[in-house]
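Asks: Sequence first, then the predicted structure, then my questions.
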Amino acid sequence: MAAPATRHPCLWHGAPVLLLLLPALSAALSCANLRTRQSTFNWDSLQLLHAMAPSPPQPCDQHDAPFPFPKTLLAIQAPRQATDAILRILRHLFATLSNENTPAHWDSQAHQQLLNQLHSQIQHLQRCLPGTGTDSKSQGPRNPWLSITTYFQRIQDFLRTHNHSPCAWDNVRLEAHTCFQRIHNLTRTMAD
């Protein structure tokens, strides 16, 4: 004789709600300790920059950088603005270091690893802070977003002026090192 059919509550009715909540929960968990993750990323990036070119193939004259880091960024105190500035700087660093004219003496594995980490961190910041990196209402000569764009334009101009020479790239690599040090300072302002 067959066992009587028992009615079990259907668990499938709750599944769509769970599926809707999982991405939000996942994002919340991955975005916890954002400042700690950014600090680790900064340190790892500095190590990779050094590993890319521990010494140039020929002695280079260290040009006085015609691209001083924007002072407006050093005064940022708001956590959201600091995170936005970090994201913008990382995007520009990625674009600059992705250039096809990078010098042959750079360690290609360390260079590719740095680019991968930059890309991953940019995506992480974008996921954690929707709307970050979009145009701001801040205007005028003190606009920090304009100063970031101008700063990286000067770096690109420097490379073009020096025909993307290995020495010019080493100057840019040293400037990227400075960027990560400044990002470290901005990281202390980030919300956790």
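Replies: Right, received. Where do you want to start? Numbering: from 1, shown residues only.

Asks: tell me the pLDDT at residue 145?
Replies: On the pLDDT scale, residue 145 is placed at 86.

Asks: Can you give me the neighbour number for it?
Replies: Neighbourhood size, residue 145 [other CB atoms under 10 Å]: 20. In this view, the C-beta of every residue, glycine as well, is placed from N, C-alpha and C.

Asks: Repeat that for the one 4 residues further on.
Replies: Using other CB under 10 Å as the criterion, residue 149 is surrounded by 14 other residues.

Asks: Let me see the contact set for the residue lying closest to it once chain neighbours are set aside.
Replies: Distance criterion CB to CB, 6 or more residues apart in numbering; nearest residue to residue 149, sequence neighbours excluded, is residue 92 at 7.6 Å. Each residue near residue 92 by CB atoms under 8 Å, 6 or more residues apart in numbering is listed here: 148-149, 151-152.

Asks: what about residue 92, distance to residue 176?
Replies: If you measure residue 92 against residue 176 using CB to CB, to the nearest Å, the figure is 10 Å.

Asks: what's the following helix or strand after the lowest-mean-pLDDT helix or strand in the chain?
Replies: The element with the least model confidence among the helices and strands of the chain, by mean pLDDT, DSSP states H and E, is helix 15-31, at a mean of 53. Taking DSSP states H and E as the definition, the helix or strand that follows helix 15-31 towards the C-terminus is helix 34-52.

Asks: Sounds good, over and out.
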